[in-house]
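Sequence first, predicted coordinates after that:
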Amino acid sequence: MVLHSIRWQLQLWHGLILVAVLLGFGFTAHRLQRANELRRVDLELQKRLGPLLEALRGPPPGERGSTGRPGEPRPRAAQPVERARPEPPVGRDPPGDLPRPREIRLGPGRGALFEGDDNPFYYVIWGRDGSLLKRSSPRSTETPRPESGKARGLVPAIRMFGADRQVYQFTPPGDCILVGRSLGPELANLRQLGLWLTGLGGGVLLLGLAGGWWLATRAIQPIADISAAAARISEGDLSHRINSQSTANELGQLATVLNSTFARLESAFERQQRFTADASHELRTPVAVILSQTQTALARERSGADYRETLEACERAAQRMRRLTESLLRLARLDGGTEAQAHAAIDLSEIARESVALLQPLADERQLRIQCEFGPAQGIGDADQMTQAVTNLLVNAIQHNVPRGEVRVTTRRDSEVIALTVTNTGRAIPAEELPRIFERFYRSDESRAGTTGGNGLGLAITKAIVDAHAGSIEVESTPGDGTVFTIRLPLRPLDASQSEGYPSPS
């Protein structure tokens, strides 16, 4: 399914986060712009509310006395004083002889704030009894009087009435002054801003989704290459590799590791194929000998001596098969880690001395001289396995030597390893064959394979034993100087439970 794809999951999360960010940004920008517009309109409304409050408290500036102070009566000579009648209290019906309604004059300066056909501001003034005292234009006729419980004192109150913004304030006597303005232009601008933000956010969203898809595709491409390479390898093409140069991130590092793994797998399969072919070839020869001898013996009646000769040939072929199968089984156990291995104190010089004594008759038969130089070489390991490894090296040095040649065996102990060196004076191994000398069934000199009687597994078993001891084996071959095999084993501490009955490897 689509949601199971890593690419679509990344795209979905990226899209959701981008939508959330764009919505948050657009909403915040729109609210800030709206708040700024309302704040500007409120300041303009309050700026016009002040002059109205002054006009309500006293007469216009043109009607002030000679002193110029508001509320001071004119001189008696200029105008007779008219005694003011008391106003009826709020909430009571006025008597029949009500005074004339108050006349509020703004004067030229204050009236200019609300004059003009294109002036969006208007005002309404109500008396303490709720009667309309003055208004600026017909636009204010539908404006209701605010509740008297609010905006008493020095701080004006703000309200929305439809699409109008209004500021009002009650005076201490109870009169109410309201200044308003239509927010039609501002609301239109805010709607236009909302459309612009929506369009811009949609464009950014599309661009972000396209970029996210491209980035996700580029990031997932190594995974697709890995899957394709694995599919081709599963079909049998072990030479296929992943292109790890196109990216340098973690997936590129993974591709590099997988390429190294595939290379080792290819090498292992090639070795396995060669091993299978060589093992089949080695087993086919003694089987063919046994079949040939038995068929010849059964073809006609023969004497007892002929039957005995046939049985002896079959026995030799069977012995060769037995040695081969035992060697193969030993290698399989060593490779699988199932070979029982003791961890005890060993003396590599003593093992080498016993192996030389065992193979001395074979060296005498070939007229070879064995020179020994045994130094201290105590360590930890399996004595039986190391005996086989040293014996295999000595047999190889004897079989691949020249008549009246020489074999040198030395042991020593360095600072952190114990070492054994076996040198023979036989023909040097070509340099191009040295890397394959420890491969199974590999013979560096095929012309001598039939004369030595070996099966090509001795050095492979030796290397497997040394590897099981966490050691190393090396070979050097120089024309005129012969071939040198060197085994190095690390010095490892012996547990208290293993050291009982063994000498200390000092």
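Perfect, thanks for sending it. Numbering: from 1, shown residues only.

And the helices in the stretch 51-200 of the chain?
107-111, 184-234 (DSSP state H, counting those that start in this stretch).

Quickly, which of those bottoms out on average pLDDT?
With a mean of 67, helix 107-111 has the lowest mean pLDDT of the helices of the stretch 51-200 of the chain.

Throw the helices of the stretch 51-200 of the chain into CSV and include distance to Leu45 and mean neighbour count, thanks.
For the C-beta atoms, the positions are set from N, CA and C on the backbone; glycine is no exception. As requested, the helices of the stretch 51-200 of the chain are arranged in CSV below (distance: least, CB to CB, whole Å; neighbours: other CB atoms under 10 Å):
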stretch, distance to Leu45, mean neighbour count
helix 107-111, 15, 14
helix 184-234, 13, 14
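
As TSV, those with distance to Arg48 would be great.
Shown next, in TSV, are those (distance: least, CB to CB, whole Å):
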stretch	distance to Arg48
helix 107-111	9
helix 184-234	17
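
Quick check: which of these is nearest to Leu331?
Closest approach to Leu331 among those (CB to CB): helix 184-234, 26.2 Å.

just checking, what packs against the closest one?
If you count contacts as 3 or more CB pairs under 8 Å, 6 or more residues apart in numbering; DSSP states H and E, helix 184-234 packs onto helix 6-57, helix 250-299.

Now do that helix against helix 6-57: the angle between them, please.
170 degrees (axes from the mean of the first three to the mean of the last three CA atoms, to 10 degrees).

Model confidence score at the residue most central in space within the chain, please.
Compute the mean C-alpha point of the chain, and by CA atoms, centre = their mean the closest residue is Glu250, 6.4 Å away. You'll see Glu250 listed with a pLDDT of 74.

and Arg302, which of the helices of the stretch 51-200 of the chain is closest to it?
Going by CB to CB, the one of these nearest Arg302 is helix 184-234, 56.3 Å.

So what touches stretch 275-286?
For stretch 275-286, the surrounding residues in contact (CB atoms under 8 Å, 6 or more residues apart in numbering) are Ala317, Ala318, Arg320, Met321, Leu324, Leu328, Arg440, Phe441, Asn455, Gly456.

Looking at the helices of the stretch 51-200 of the chain, which is nearest to Leu133?
Closest among the helices of the stretch 51-200 of the chain, using CB to CB: helix 107-111, at 14.8 Å.

and Glu474, what is it in contact with?
Phe485, Thr486, Arg488 are the contacts of Glu474 under CB under 8 Å, 6+ apart.

Most neighbours among these, which one?
Greatest neighbour count in the contacts of Glu474, by other CB atoms under 10 Å, goes to Phe485: 22 neighbours.

ok so, going back, export the contacts of Glu474 to CSV and tack on secondary structure, distance to Asn396 and pLDDT?
Listed next are the contacts of Glu474 as CSV, based on DSSP: H, G, I helix; E, B strand; the rest coil; distance: CB to CB, whole Å; pLDDT from 0 to 100:
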residue, secondary structure, distance to Asn396, pLDDT
Phe485, strand, 8, 93
Thr486, strand, 13, 93
Arg488, strand, 18, 92
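
and which of these is nearest Leu113?
Arg488 (104.7 Å).

Sort out which of the contacts of stretch 275-286 are buried, if you could.
Buried subset of those (neighbour count, 16 or more other CB atoms under 10 Å): Ala317, Arg320, Met321, Leu324, Leu328, Arg440, Phe441, Asn455, Gly456.

Find the pair from these with maximum spatial separation.
Longest span within the buried ones among the contacts of stretch 275-286, CB to CB: Ala317 and Arg440, 20.9 Å.

By mean pLDDT, point me to the weakest helix or strand of this protein.
Scoring the helices and strands of the chain by mean pLDDT, DSSP states H and E places helix 446-452 at the bottom, with a mean of 46.

Just checking, which helix or strand succeeds that helix along the chain?
The helix or strand immediately downstream of helix 446-452 is helix 458-468, counting by DSSP states H and E.

Give me the contact list for that following helix.
327, 330-331, 334-335, 337, 339, 341, 385-386, 388-389, 392-393, 395-396, 437-442, 472-473, 487, 489.

Within the helices and strands, which one has the residue nearest to Val422 when sequence neighbours are not counted?
Nearest residue to Val422, sequence neighbours excluded (CB to CB, 6 or more residues apart in numbering): Leu393, at 4.4 Å. If you go by DSSP H and E, Leu393 is part of helix 383-399.

Same question for that helix: list its buried residues.
Applying 16+ other CB under 10 Å to helix 383-399 flags 383, 385-399 as buried.

and the two most separated of those residues?
Ala383 and Gln399 (24.3 Å).

From what I see, Leu489 and Asp414 are in contact.
No - with contact defined as CB atoms under 8 Å, Leu489 does not reach Asp414; the gap is 10.6 Å.

The two: which has the busier surroundings?
Per other CB under 10 Å, whichever of Leu489 and Asp414 has more neighbours is Leu489, with 22 against 10.

Helix, strand or coil: sort out the more buried one for me.
strand (DSSP: H, G, I helix; E, B strand; the rest coil).

can you pull the contacts of Arg369?
Per CB under 8 Å, 6+ apart, neighbours of Arg369: Ala363, Arg404, Gly405, Glu406, Val407.

again, only using 7 Å
Counting by CB atoms under 7 Å, 6 or more residues apart in numbering, Arg369 makes contact with Glu406.

Could you measure from it over to Thr425?
10 Å (CB to CB, to the nearest Å).

Need the residues touching each of those two.
Common neighbours of Arg369 and Thr425 (CB under 7 Å, 6+ apart) are Glu406.

Just confirm Ala419 is within a strand.
Yes - counting by three-state DSSP, Ala419 falls inside a strand.

That one and Thr486 touch, don't they?
Yes - look at Ala419 against Thr486 with CB atoms under 7 Å: they come within range, at 6.2 Å.

for the residue lying closest to Ile177 once chain neighbours are set aside, what are its contacts?
With sequence-adjacent residues excluded and distances taken as CB to CB, 6+ apart, Ile177 is closest to Leu52, at 4.8 Å. Residues in contact with Leu52, defined by CB under 7 Å, 6+ apart, are Tyr123, Ile125, Ile177, Val179.

Could you check the pLDDT of the last one?
So the one you mean is Val179. Val179 is given a pLDDT of 91.

Tell me how far it lies from Val41.
From Val179 to Val41 the distance is 11 Å (CB to CB).

out of the two, which sits in the more crowded spot?
Set side by side, Val179 and Val41 show more neighbours around Val179, with 28 against 20, by other CB under 10 Å.

Beta-bridge partners for that one, please?
Going by DSSP bridges, Val179 is paired in beta bridges with Tyr123, Val167.

Touching, it and Arg165? I think so.
No - counting by CB under 7 Å, Val179 stays clear of Arg165, with 9.4 Å between them.

ok so, going back, quick check: of the contacts of stretch 275-286, which lies closest to Trp196?
Arg440 (77.5 Å).

Let me see the backbone angles for that closest one.
phi -70, psi 130 (degrees, to the nearest 10).

Excluding chain neighbours, give the residue nearest to it in space.
Ala460 (4.3 Å).

now Ala163
Nearest to Ala163 is Leu183, by CB to CB, 6+ apart, at 5.4 Å.

which ones are touching that neighbour?
Leu183 sits in contact with Val41, Ala163, Asp164, Arg165, where contact means CB under 7 Å, 6+ apart.

count of neighbours near Ala163?
11.

Check whether it really touches Gly184, as I assumed.
Yes - counting by CB under 7 Å, Gly184 is a contact partner of Ala163 at 5.8 Å.

for the spatially closest residue to Asp481 that is not a sequence neighbour, phi and psi?
Residue nearest to Asp481 in three dimensions, not counting chain neighbours: Ala428, with 7.6 Å by CB to CB, 6+ apart. Main-chain torsions, Ala428, degrees, to the nearest 10: phi -70, psi 150.
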